[in-house]
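Student: structure for the following, please:
(2 chains)
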Amino acid sequence: MISLTEQGFDPGPLLSGFCCGRAETGAVASFTGLARGEGGATKVLELEAYPGFTEAQIGAIAEAAKARFELHDLMIVHRIGKIAPGEPIVFVATAAAHRRAAFEACDYLMDYLKSRAPFWKKEHGPDGARWIEPRDEDHADIARWA
Amino acid sequence: MARVLLFGRLSDIAGWREKTLDPSPTRLSDLRAQLAAEDAALGEALAAPGVQVALDQVLVRGDATLSTRSEVAFLPPMSGG
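Tutor: Numbering: from 1, shown residues only, chains lettered A, B, ... in the order given. A predicted model of the protein is given here:
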C-alpha cells in the first residue's frame, strides 16, 4: 500500500496492522523518518508532490523493490504539506520470508524515496525559506544498488 | 491550451505554479523558448542540469511534440523522506 497524506500519522498502529495475518512472512522491517528541527533552524518543513505522478513513480520504485527482494508485501506512507519538527514524515515497512531481504528492501526503498521520488522539500526557518535538494550522500547511497 | 506546471524552486523563481499557453506551442522546445522569452531567469532555471520534464506525467528527454491538451511539468531535483 502506498499513500500520501496531509495528516500526521502514528507509525505504531501502521506497523501493527502491517504485521497482522502473516503466517509465512518470517520478517518485517520498518523505518520511520522524522522531521528534524536542526537546532531551531527549521520551524516547518513543507513537502510538495505532483498528484498522480508522485504516486505512479513511487509505485514503480515499489514494484522494483518487490521483485528484487522477493517481498511478500510493502507499505509506504509519506507526508505532504506542512510538517513540524519531530513529526513522522515517512514510514516504510517490508515483509519477506527472511530478515536480510526485509532489511535491505527497507534500506533500498528509503534511498530511492530520498532522491528519486517526486517530492520537493522546503525548509522554513527564522532566516526565511530554502529548498532542500539531494545531498552527495543521497546520490552515493542510491549508487549502492546499481 | 497546453498546461505548464512548475514544482519546487522553479515556482518560486517564476512567481506562478501553473499556467496555460494559448495558442499551444507545438513542440517542447518552442514552449521552453516562449517561457524564456517571457522570463529569462525562469528560462535559465528550466534549462539547468538536473531539471527533468514530464509530458502528460511521463518523463521525457530532449524535444517532444505537444498537443493542445498536453500537460508539461518541470521537475527540479527531487528529495523525499
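
Student: find the residue closest to the residue lying farthest from the centre of chain A in space, skipping its chain neighbours.
Tutor: Distance from the centre of chain A peaks at A:D127, with 27.7 Å (Cα atoms, centre = their mean). Nearest residue to A:D127, sequence neighbours excluded (Cβ to Cβ, 6 or more residues apart in numbering or on different chains): A:A41, at 7.8 Å. For glycine as for every other residue, the C-beta is placed from the backbone atoms N, C-alpha and C.

Student: any chance you could map the helices in chain B?
Tutor: For chain B, the helices defined by DSSP state H occupy B:9-14, B:28-38, B:40-47.

Student: got the angle between the second one and helix B:40-47?
Tutor: Our comparison of helix B:28-38 with helix B:40-47, counting by axes from the mean of the first three to the mean of the last three Cα atoms, to 10 degrees, yields an angle of 150 degrees.

Student: residues in contact with helix B:28-38?
Tutor: Contacts of helix B:28-38 with the rest of the structure, by Cβ atoms under 8 Å, 6 or more residues apart in numbering or on different chains, involve B:2, B:4, B:21, B:25, B:42-44, B:46-47, B:53, B:55, B:60, B:63-66, B:72.

Student: give the buried residues for it.
Tutor: Within helix B:28-38, the residues that count as buried by 16 or more other Cβ atoms under 10 Å in any protein chain shown are B:L28, B:L31, B:R32, B:L35, B:A36.

Student: kindly report the same for the first one.
Tutor: For helix B:9-14, a neighbour-count test (16+ other Cβ under 10 Å) marks B:R9, B:L10, B:S11, B:I13, B:A14 as buried.

Student: so which of those residues comes closest to A:G81?
Tutor: Distance to A:G81 across the buried residues of helix B:9-14 (Cβ to Cβ) is lowest for B:S11, with 15.5 Å.

Student: pLDDT value on the spatially closest residue to that closest one that is not a sequence neighbour, please?
Tutor: Excluding its sequence neighbours, the residue lying closest to B:S11 (Cβ to Cβ, 6+ apart) is B:R17, at 4.4 Å. We have a pLDDT of 97 for B:R17.

Student: B:R17: neighbour count?
Tutor: For B:R17, the neighbour count with other Cβ atoms under 10 Å in any protein chain shown is 13.

Student: for it, which residues are in contact?
Tutor: B:L5, B:L6, B:S11.

Student: and what of A:A84?
Tutor: So A:A84 contacts A:A35, A:K43, A:V44, A:L45 (Cβ under 8 Å, 6+ apart).

Student: ok, 10 Å please
Tutor: Counting by Cβ atoms under 10 Å, 6 or more residues apart in numbering or on different chains, A:A84 makes contact with A:G8, A:A35, A:G37, A:T42, A:K43, A:V44, A:L45.
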